[in-house]
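Novice: Sequence plus predicted model, see below.
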Amino acid sequence: MIKLKDILNEALNIYSVDVVIVSDKEANITDVFDGIRAIRRVTIVNPNTPEDREEKNRQRTDGKEVHTATIKFVAGQDPKQDLEFFKTTMLQSDKGDPNKRIPGLRHVVFKPESLNKV
């Protein structure tokens, strides 16, 4: 018998990719991750910052924190092109607003070598 999960996996191109996120130290990182989850076609954001990185973040004095996560998303024709769409969407606001779309997010680096179909 065919399972619903198998049918959905065939119909959707679901990919995962590792990402490095640089945020403001004052920003709540949970709010930053929630902002990423709100982007169209992003389905899951799993924070996975190692404890040694968290310790370095606590010792930083430049006002930034570095976090890592794995993002799962529904891809279109070209998943690498989707990563550019996500980066642009995360870092730019709508209609010329000078503020960023996700408050506290400074920079995003996708690791394309970790891109794989789920």
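Specialist: Structure's in. What do you need? This one's a predicted model, so the numbers in the text were calculated from it and none came from an experiment.

Novice: Return the distance of stretch 57-66 from the chain's centre.
Specialist: Distance of stretch 57-66 from the chain centroid (C-alpha atoms, centre = their mean, to the nearest Å) equals 20 Å.

Novice: Just the endpoints, please. Distance across that stretch?
Specialist: One end of stretch 57-66 sits 7 Å from the other (C-alpha to C-alpha, to the nearest Å).

Novice: Pass me the low-pLDDT residue ranges in this structure, would you?
Specialist: The model of the chain has pLDDT under 70 over residues 1-2, 6-11, 93-100.

Novice: For Thr89, list the residues it contacts.
Specialist: Residues near Thr89 by C-beta atoms under 8 Å, 6 or more residues apart in numbering: 39-40, 101. The C-beta positions use only the backbone N, C-alpha and C, and glycine is treated the same way.

Novice: for the residues you listed, which one is nearest Phe73?
Specialist: Using C-beta to C-beta, Ile39 comes nearest to Phe73 of the contacts of Thr89, at 8.4 Å.
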